[in-house]
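Enquirer: Sequence and predicted structure below; questions after.
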Amino acid sequence: MYICVRGRLMKRLHILLDDGLYEKLKSSAAARRESLADVIRGFLRDQLDREMDKSGFPTFTSAEIDEILRIMDARES
């Protein structure tokens, strides 16, 4: 199911965050005056743009996913 947000069709995604990560994300969003969703979308866009392989598909190892989460944590503090 698609949802129209600010004139753009989007898919809804539910994710679970631990309390610490959620609080860091909330603080970062408040400092940027953006919504939590906007911060997450921006982070994912930036990471995917960097991680795209030649075929156009993102490829992540479990170590890379851990690194992405580490970077996200570092950006929030």
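Expert: Alright, I've got the coordinates. Numbering: from 1, shown residues only.
Enquirer: C-alpha only now, for contacts and for neighbours.
Expert: Fine.
Enquirer: Going along the chain, name the helices of the chain.
Expert: Counting by DSSP state H, the chain has helices at residues 19-32, 36-51, 62-76.
Enquirer: Only alpha carbons, please: show the shortest one as CSV.
Expert: The C-alpha trace of helix 19-32 is given here as CSV (Å, rounded to 0.1, in the frame of the first residue of the first chain):
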residue,chain,number,x,y,z
ASP,A,19,15.4,3.1,23.6
GLY,A,20,18.9,4.4,23.3
LEU,A,21,18.9,4.6,19.5
TYR,A,22,15.4,6.1,19.5
GLU,A,23,16.4,8.9,21.9
LYS,A,24,19.5,9.7,19.9
LEU,A,25,17.5,9.8,16.7
LYS,A,26,14.8,12.0,18.3
SER,A,27,17.5,14.4,19.6
SER,A,28,19.1,14.6,16.2
ALA,A,29,15.8,15.2,14.5
ALA,A,30,14.9,18.0,16.9
ALA,A,31,18.3,19.6,16.4
ARG,A,32,17.8,19.5,12.7
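Enquirer: Give the buried residues for it.
Expert: Buried residues in helix 19-32, defined by neighbour count with 16 or more other Cα atoms under 10 Å: 24-26, 28-29.
Enquirer: Kindly report the same for the last one.
Expert: Of the residues in helix 62-76, 68, 72, 76 count as buried by neighbour count, 16+ other Cα under 10 Å.
Enquirer: shaky segments in this protein?
Expert: 1-2, 52-59, 77 (pLDDT under 70).
Enquirer: returning to that earlier point: tell me the one among the buried residues of helix 62-76 nearest to residue 35.
Expert: Of all the buried residues of helix 62-76, residue 35 sits closest to residue 76, with 13.8 Å by Cα to Cα.
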